[in-house]
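A.B. asks: fold the following and give me the result.
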Amino acid sequence: MVDVTYASERTAFLLVDPYNDFLSEGGKVYPNIKPIADEVDLLGNLRRLDRTVRAAGIQVVIVPHRRWEPGDYEDWDHPNPTQRLIMQRHSFARGEWGGEWHPDFAPKPGDIVVKEHWGQSGFANTDLDMQLRQKGITHVIVVGLLANTCIESTARFAMELGYHVTLVRDATAAFSHEMMHAAHELNGPTFAHAILTTAELIGALPEA
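C.D. replies: Below you'll find the predicted structure:
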């Protein structure tokens, strides 16, 4: 049994970076996450959760990374390592297929799409906190990519802002088992209120 209650009107489902480059065959980053994604059934679990939270009336919030554009980082004083990689491979390029939503997770009517984050936290320099507070949200379920970067940063920031935070072990992926272990066994327990599997979370969510 999961000792967490998720009230539909107080809970938001934060889907982080659901881009083709991450989630689709042919995506620029997809080959790096495919082994872990296949192992945990990432796409299947995201689809199950997407259906379940919508049926339960839970607010879906798309939390997108900055779509790369020429000139984004070239004149920055100190772009971080992830931004340097984006500058090299042009991940999530605006106007290109890789920077479009995976078709299964494109925003639907009633969804909130927050401002794009430049770093790893979906809260830093965006309107995510304001949007959640205006909806009366107290609990956030954070899924998507990557487990040890944007998911961890967004979830940790949420905790600092006073939200109840849930991580979902098999609704995310990373480049290695070591990174997944760090996200869920070492770092996650220091800030997340619940770390569940997809099946455990679905069992704890209100029925439609």
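A.B. asks: near the spatially closest residue to residue 79 that is not a sequence neighbour, how many other residues are there?
C.D. replies: In this structure, residue 79 finds its nearest non-sequential neighbour in residue 73, 4.4 Å apart by CB to CB, 6 or more residues apart in numbering. Backbone N, C-alpha and C define where each C-beta goes, glycine included. Residues near residue 73, counting by other CB atoms under 10 Å, number 17.
A.B. asks: try residue 206
C.D. replies: Residues contacting residue 206 under the criterion other CB under 10 Å number 16.
A.B. asks: quick one: contacts for it?
C.D. replies: Shown in contact with residue 206 (CB atoms under 8 Å, 6 or more residues apart in numbering): 6-8, 56-57.
A.B. asks: now list the buried members of those.
C.D. replies: 6, 56 (16 or more other CB atoms under 10 Å).
A.B. asks: the lengthiest helix in the chain: how far from the chain's middle?
C.D. replies: Counting by DSSP state H, the longest helix found in the chain is helix 42-55. Taking CA atoms, centre = their mean, to the nearest Å, one finds the center of helix 42-55 at 13 Å from the center of the full chain.
A.B. asks: let me see the mean pLDDT of it.
C.D. replies: Averaged across helix 42-55, the pLDDT comes to 98.
A.B. asks: give the buried residues for that helix.
C.D. replies: 42-43, 45-46, 48-50, 52-54.
A.B. asks: which secondary structure elements does it contact?
C.D. replies: Contacts defined by 3 or more CB pairs under 8 Å, 6 or more residues apart in numbering; DSSP states H and E place helix 42-55 against strand 11-16, helix 30-40, strand 59-63, strand 139-145, strand 164-173, helix 198-204.
A.B. asks: now these in a markdown table, with distance to residue 115?
C.D. replies: As requested, the helices and strands packed on helix 42-55 are exported to a markdown table (distance: least, CB to CB, whole Å):
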| stretch | distance to residue 115 |
| --- | --- |
| strand 11-16 | 13 |
| helix 30-40 | 24 |
| strand 59-63 | 9 |
| strand 139-145 | 16 |
| strand 164-173 | 20 |
| helix 198-204 | 27 |
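A.B. asks: which of those sits closest to residue 108?
C.D. replies: When the helices and strands packed on helix 42-55 are compared by CB to CB, strand 59-63 sits nearest residue 108, at 7.3 Å.
A.B. asks: which residues are contacting the closest one?
C.D. replies: 11-18, 50, 53-54, 101, 105, 107-108, 110-114, 117, 122, 126, 128, 131-132, 135, 137, 144, 150, 154.
A.B. asks: can you say which of those are buried?
C.D. replies: For these, buried by 16+ other CB under 10 Å: 11-18, 50, 53-54, 101, 105, 112, 114, 117, 122, 126, 128, 131-132, 137, 144, 150, 154.
A.B. asks: that concludes my questions; thank you for your assistance.
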